[in-house]
Every structure is written in C-alpha cells, then in structure tokens.
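K.L.:
here are the coordinates; sequence isn't available:
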C-alpha cells in the first residue's frame, strides 16, 4: 500500500511517487524512463490526471499518446532530459486566403465573461481554461469581418456556475460604459446561467437600448473542429451589427444542423438540454430572429420587438432572493427558514397552475405579514399561472402571493431581485412584477408556442 | 523500371503495418449503441467542421484545405443505431471495458507490455467521418512481438479506437455519411518497420489477422479489417498508405510504392542530368492561352470556357518527356501533379505536352501553344482550364511539387486505388495532433481485466489445428485452410449449430473450396451475407436441399440479391423429395427405357443413372438414386 501524505502533493502526485520524482528532481515536461523489471516506458512526464489512480504516473509518448504507468517500490525512474510543457500560443494562422475588409461604419464589441466559448484547451494536460484574446478571436472566426469591425475585451473570467447578482452589476456597468462607441455588443458567457444574466441585463436596460446586446456561448469547446462557437459568434455578429431592435437576446444554434441560429428574447429563453447545440429555446414566446450565418442573412420572425432608443439604465440587484421548487411532501420549514432569515423575496415554482400544498399556506401568510413578496411560477414552464381555478389557488391569493403570469421561474427570480433593489413596498413590488417590462410576460399564447414532441 | 526487377534488399525497403479490426462487442466504444450496421437512413442532419489551431498556433494543412472547399457533411442517423454521442450532441460515456479486455487479450498473445492505465486521446480528423472532428483512441499495450516463420516482428503499439462513420455518397460540396459505424470499437495493431519484402508484409498481415480471429471476438466480413501501410526505401521517404481492405492487394501496393519511390529518385537524377535546378521554376510566366481554344473540340476545355473560365499555360524549360515520366503502371509524374492541383486548388482539367495531342486537343492547337509560350521542342508545358484564380493557384502548387522532385520523394499520406497504385491524399502530419480527451476518465487496468483477458487469449495455432483434426475429422490441409480463412469464426459457429446434421468437413469446404471455386469462376460470392449462407446450411440440415444443388443456389442467390434462399429454392423447384417420390420417378424412367435394359443388361445402369439424375439432381442424394436403380435393375434382370 502507498503511504498517503496529503500535505505533500507534487504536481498532483503524492506519497511514494512524489518522493521518487522529487528524488530525481523530475517535473512535468521532463523526459523520463520508468523501469518495472524488464519492462520500460519512456516519455514526457505529465501532471497527474485528476482521475488517475494513486499508483499511476502519466507519460506522454513520442507518438503523442498519453498512458498511465503503474509504479511500485521497485520501479526505477530515471530523468533522461530536462524539458518544458509547451502551453503558449504562437502567431495565429490565417484561415482565409484573402484579407477581408470590414465595412467602415459597423463596429461591435465582444465582452468576455468566461465559459466554454471564451476558453482554450491546454494541449499538454487537456485542461480547459478561460481565455479570450481579441486577435485570436478574429483569426479564428475571420468571417465576422464580412459584417462588422470587431473588438474584444475580457471583463470577467469565471465559470458559468459561479455567476451571481454582484457580477450582473459589473456586467451591466461595463455595458453602459462601453456601448456608446459601438453598434451592438456580444457578451460571451457560459451557457449554464446565461439566461439568468441575459434577463438581468434586459431588466437594467428595459427603458432603452441603442442597439442589440447579444449573449452567446458554446456547447462544444472551441478547440474541437465540431465546436459550435464559430457558428454562434458569426450569427451573433450578424445580429449585433444588423438587427433592428434595441433588445437583449441570446443567440445560439436553432437546430442540431449547422443551418440557422436563433435570437431568443433574453427574458423568455431557457437552456432545455444538458448538451445539445440547440439547447436554448424560447418558452411561451417565439424567437426574435432567425440567422443564417453562412449566407449572412437575418430574418425577423417576431415583429413585436423594441425599437432602438437612447440607453437608459436602472442598475442594481438584491441578492437576498430565493428560488425554490415545490415538491409533494415539502414541509413548512423551508419557507419558514427563508422568512426567519430575513430573505427579501421568494419565487416558488408551483405545480401545474402554480399550486403548493394547502399545508404551506400558513407559511405564505407569514411571509406576507413579514413583507416578503412571494411570486408564483409553474414547474410546467409552458403556459400561464392561474390561481383562480381551484380553491388552493384562491387561498394562496388570499395569502398575498403574486401570480407570475407566464414568466419563467428563472426570469421571475431575476426580476424580483431587480425590483427589490428599487422598492420594498409590497404594492409597488406587485405592480412591477405584473407589468411587462422586458418582454418577460406574454399576454397572448397561440397553439404553436408549445413544441410538438415525437409521438411515433 | 519494372516492378519485377526490384531487389528489395538492395533498395532498403522498409514496411510497417497498421491493422485495424472491428471488435464484436455488445456496445460501441463510448456509448450504449449496438455494433452492427443497418440499411436504413433514419434521421438526417448537416454539419460543417472547422480547422482548429494547435498549441503552437498551427493549423493542420489538410484540415484547412477541407474547410476552404466549403464542405458540408450530411449524416444519416438510423434509429436504434445512433445516439446523441455519435451526433456530437452529448459527451462520450466511459470507455467500453469489453473492448479493452479484448485488446488486452491480444496484448497477452503478442507479449506486449500492458499499460497501467488507459488514457483516451483525441486525434484530429476533419474529413467529416467523425462528427466531433477527431477520432478517440487509446493505447492499451506496447513493445510486443510476433514470431512468423522463425522471424520476430516488433509490435509497437496496441490501441483501441472508434471506427469512423461510413461514407455513403459524395456530390459536389456535400458528403454523406451514416452513423451506424461511428463508434464501433476497433483494435489497432502497429508493427515496427521490420518487414523488408512485399510478400513478407502479406504474411505478417495474415498472421495478425488470424490471431485476431482466433479470439472469437472480432467482426467478420468485408470491411471489418483494414490495413494501413507505411512504406519507405533508402533515400526515399516514409509514405503512409491508408485503407487497404483486401489482403491480396498488399503485395502489389508495396511493390508499386517501392517502384514509385525508385522512379521519383530516377526522375531526380534525370533533372540533375539535364542541368535543371529549383530556381528554374521560380517566377515562371503564366500565359493566357484562351484565344487558341476559341473553337476547340476538347469537351473539358469547352465546358470550362462556357462557364467563364480561361486557359492558362506555363512553359517548363528542358522538361520534355519528364511530365510523362512513368512512375508506376498507369501513373506518370503528371498524374502526381494533377493530384496536387485537385487537392489544393480543386482543378480537374489539366493537360501536359507529353500527352498531347489527345483528348480533343489537336496538333494544331499544340503547335500554337508552343509558339505562344515561346517554347522549343526540348521544353514541356502544362495547361489548365478553369477560373483564373483557381488556375493560378493550381499552377503555383504544381511548380512547388516540381521543385520537390529535386529532393526526391515527398512525405505524403496516400490512398490505395483498386489497381494497386496509390493517389495523393494529403501531406503527412508532422507529429500527429493529439491531445487528451478530457471528457473520459482513465481506465485503470485491474486484475479483473487481466483475468478476463486471459480467458480470451487466443490459443496457439498448433493446438487449434489439432482440435479441428481430432474433433471434426479435418485433414491437416483442410484444418489449415479453415484457420487461415477470414470466416473462421462463422465456420465454427455453423459447425456448432448444424454439425450433427451436416458433416463439419462439408461446412468447412463450403467456405474454403466451394465458395472460392465459384469466385474464381467470376461469381461474386462476397455479395452473399452470412444469413444467406446460414440458410443454405440450415436447409441442408433439414433435408430440404441436397449438396449437389448448392452451387446452383449460390449462383442464383448472387444474381438475385433481393430474394431469400427459400425463394430461390422454391423457384428452382429443387426442393428435396422423399425416397418414395424418387422411387416413383425412377420406376417411370425404367418403364420407358425397358428396351435399353433388355439390350444392354447390367451396362444399362449408367444410362439409367444419367436419365434419373437429370430429373433428380439437387432433390435427393445421388447415392440413394444409384442404390434404388441398382436394386431395381437387378430384380428386372433376374426376371428376364
């Protein structure tokens, strides 16, 4: 058995292996040999893979393959040559033969916040790190120059899951500071929480935007030939430079084929699949536009968009809002906990029309008495909340909840956070929540808003 | 030079093999889909792939050119034979342990050092055959060897990798692939360049193929095993030849490649002898020759001109005869230049002085070309008909390739043609673009994997031969033929299933002699799938057909692919009949041939037999017919 000394990690290795490597002063990048009896493996020492077993050393062979070699007390490790892992990028190579001269009067700016689209693979270790270099962006996707000049700036470099309302502030301040010089903006964002951030930006700028703000990301990392990032960036550049609206939208693949992208309204879009390219879909609304990136075509499919207007921001988010999902058997203490801990607002995903158990109505009343607004949305996602149809709903209304119309639970959460930083007055909050500010409420649902599933 | 004259030792031929064999696992390498192919199209979607930059900022040149061509890849996704993993819409699942166990069993048989942990890598492939744009591959063992006829050959690596999607069709910029094959586990066995003779290469391939089949865990049939060849000669360059499916072609391909490299070295000598050098091919004047062809009879040129193209020409000083310089049968130096023009510039219409007048281009036109290019009879020329930009691009590529001829043999990846020659596919990648597949955890080789692999480890050939001879009564010759047959596993399966009704020697000889015999008569028996062959053996076992009718059935089954064996047997009316029915027919024959019996006595036997078999062939065993006639004849003769 290996002796485990947690405190002595050595490029991920520990115990006997770390000791053996230290003894010969070998570091990743060095060329080493490992002898196990009459078996010998030569290769470049690599940092330990997170998932490798404790008795394994990872070597990169001359043919480029990595292998794991088992080490025991008798293994002989020799340092053959000092070396270095090469992880720096060289000069980008031109993809297109002819220089593209971008149109003079179009300028867009890409703001990087992190996520797959603004990341690169470390070819030696395979690790993916956030990264956005404006020159590389243009070198990698030169086609955008057909539509617009493009600049890029990294304002944040975090994983999508680490996003929070404080960062929404940072992003919206940056947009306000920079938008003046450009026709449109692209925000590169991790896809997992992209819809939340896009909604947040939509509420801050609900009173006016001088052009489109496009959120985009990628579902396949950009180091692979099949990555969707170039497709999404070209589509986004077309929207940012050409679209007639002053709205915030999410632009991603429209279907699994590389055919068209969709521009979804920020407050109505949801990531509906863990991995597909076309994971983003509009719920309870139709997308604003269809984009054919290879043809350079933009087609408006939802005419009720907001026209371009002078920018007029309303900053600020309250970070003491909770989004919870009702489930059969939920007990009062979940809501009570939020009330006791002085949360400023609660969004509940109820069942069907928006119901939660009759048992929990006491807790709703407590929340109301403590002046904590409770907004009701539905876990069905599709359709509108209606608390008038059944007695439970009516009791919930009597307990003071705000029925969130057809708002997505996530959008309602972001909106409540934004509203609470403007007012804590229960009536005003209700007014805000029930007024359509950024396309988050759609008062008319047609049959075609609900997807047709496969039925054989 | 002719391939027959080559002294392979003298020219320092070195050959290494890469053998790719599909494994017969239950599931694919990185998902839960089945591993059989299907004749359905299913869902469809289209994608593009983009070249990506390596850590040094370089773009794979082949990938870049594929992309500039604006390729669109269409995928057919047959239901139940693909999932989101094959569509590149879901990350791969963990590596299939069954595939690793099979590879490990071969590692044991090939005395290889098994790695401690299997790490999956991504190898960039951007022709659309992988939806991801890379092939996933992992080394399981290395540093092994195999002994053949007393010589040891190194086995450098044993890897498992995913098979690519199969190409269905190509039209214009669109290539169609089907996803059923994508992800089927392959084992890749790479030998050291220890092979020095084409015949030897065939034997090594044969021995490794046999070893694979002896595990009983590999797929059978056409296209389940493919060889890549790495060939070089002294002073030449390592050429990688991809996708050789037929074992019989290996020798020829190596011979031709050795010959090609030799002749490229001869060409180099000739260039030097003519006092030419690389600088002569800088700044070559590109001349617009369109005017000459205003009334041309050449269809290719006429079409290009009608489409708005032009004709451009270059003079190649003192090159007379060298563009037509033969490298291998059917391939000249000009063919290589045309390959490059096609690959890098998408040019089809290229002509050179050594092949003209021809193709509708008249002597008069040729004379004019010489005149306008200001060329004399020692010079050569090349003309290209296409759009101006493409043509100029092609000419610069051609001049670069001619300059390379001064260095001898360029490093290339080539593809095998049906006739054993090869064509240019793409430049050889320097160090192959390979990086870790971060979505897949390494697989630790534990004692369970080793123990399971031990169980699969193929038994030695000698032992298998002995089993065949003792258990099935095979002759030594038959046993050897069966062991070397690509259908080994299938033959054993049929013997296990039907061996108590149909003699194992007959089942074996159906494959090693009957089918082979029909093939040599030009009947393409490869078109028969395993189900049909099994149907024949089953009908035989059920007594519904007789051995004598089999060749006819196979012949018809090949010609009428859409029919089942049962249909064919019914149509031929050769359903086997009972002894009683046969006696009735024989009685009729005897009745109508009474006079012959009376006159010929015992000697009437062969005539009666002949007439009876005309009616009964394939319907009942000939031995039974002869017994019945003999008995009847004897009793008639007694009573005369």
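P.N.:
Looks like it came in fine. No experiment lies behind these values; they were computed from the predicted model shown.
K.L.:
where does chain B have its least confident helix or strand?
P.N.:
Every helix and strand in chain B was compared by mean pLDDT, DSSP states H and E; the lowest is helix B:61-68, with a mean of 76.
K.L.:
Tell me the helix or strand right after that one.
P.N.:
Following the chain from helix B:61-68 toward its C-terminal end, the next helix or strand by DSSP states H and E is strand B:72-77.
K.L.:
Quick check: buried residues in the longest helix along chain B?
P.N.:
Longest helix in chain B by number of residues, with DSSP state H as the criterion: helix B:250-273. Taking 16 or more other CB atoms under 10 Å in any protein chain shown as the basis for neighbour counts, the residues of helix B:250-273 that come out buried are B:250-265, B:267-268, B:270-271. Placement of C-beta: from N, CA and C, glycine included.
K.L.:
what stretches of chain B score poorly on pLDDT?
P.N.:
B:1-4, B:54-58, B:429-432, B:573-576, B:618, B:640 (pLDDT under 70).
K.L.:
tell me the contacts of the closest residue to residue A:360 other than its chain neighbours?
P.N.:
Setting aside the residues directly before and after it, residue A:360 is nearest to residue A:332 in space (CB to CB, 6 or more residues apart in numbering or on different chains), at 5.8 Å. By CB atoms under 8 Å, 6 or more residues apart in numbering or on different chains, the contact set of residue A:332 is A:359-360, A:362-363.
K.L.:
In chain B, which strand is the longest?
P.N.:
In chain B, with assignment by DSSP state E, the single longest strand is strand B:134-148.
K.L.:
close to chain A, is that strand?
P.N.:
Yes. Applying CB under 8 Å from any CB of the partner chain, one finds strand B:134-148 touching chain A at B:134, B:137-139, B:142-143.
K.L.:
Chain A: which of those is nearest?
P.N.:
Nearest to chain A among the residues of strand B:134-148 next to chain A is residue B:139, at 4.7 Å by CB to the nearest CB.
K.L.:
measure that closest one to residue B:121 for me?
P.N.:
Distance of residue B:139 to residue B:121, given as CB to CB, to the nearest Å: 8 Å.
K.L.:
Could you do residue B:390 as well?
P.N.:
Here the criterion is CB to CB. By it, residue B:390 lies 37 Å from residue B:121.
K.L.:
out of the two, which sits in the more crowded spot?
P.N.:
Neighbour tally, residue B:390 and residue B:121, criterion other CB atoms under 10 Å in any protein chain shown: the higher count belongs to residue B:121, 25 against 17.
K.L.:
Leaving out chain neighbours, which residue sits closest to the more buried one?
P.N.:
On the basis of CB to CB, 6+ apart, the spatially nearest residue to residue B:121 that is not a chain neighbour turns out to be residue B:434, at 5.0 Å.
K.L.:
Helices of the stretch 51-200 of chain A, start to end?
P.N.:
In the stretch 51-200 of chain A, helices defined by DSSP state H, counting those that start in this stretch lie at A:134-140, A:165-178, A:194-204, listed in chain order.
K.L.:
who wins for proximity to chain B among these?
P.N.:
helix A:134-140 (7.1 Å).
K.L.:
where does residue A:372 land in three-state SS?
P.N.:
When the structure is reduced to helix, strand and coil (DSSP: H, G, I helix; E, B strand; the rest coil), residue A:372 reads as coil.
K.L.:
which ones are touching it?
P.N.:
Counting by CB under 8 Å, 6+ apart, the residues that residue A:372 touches are A:338-339, A:343-346.
K.L.:
so can I have JSON lines of these showing secondary structure?
P.N.:
Output for the contacts of residue A:372, formatted as JSON lines (three-state DSSP):
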{"residue": "A:338", "secondary structure": "helix"}
{"residue": "A:339", "secondary structure": "helix"}
{"residue": "A:343", "secondary structure": "coil"}
{"residue": "A:344", "secondary structure": "coil"}
{"residue": "A:345", "secondary structure": "strand"}
{"residue": "A:346", "secondary structure": "strand"}
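K.L.:
can you pick the most crowded of those residues?
P.N.:
Within these, neighbour counts (other CB under 10 Å) peak at residue A:345, which reaches 27 neighbours.
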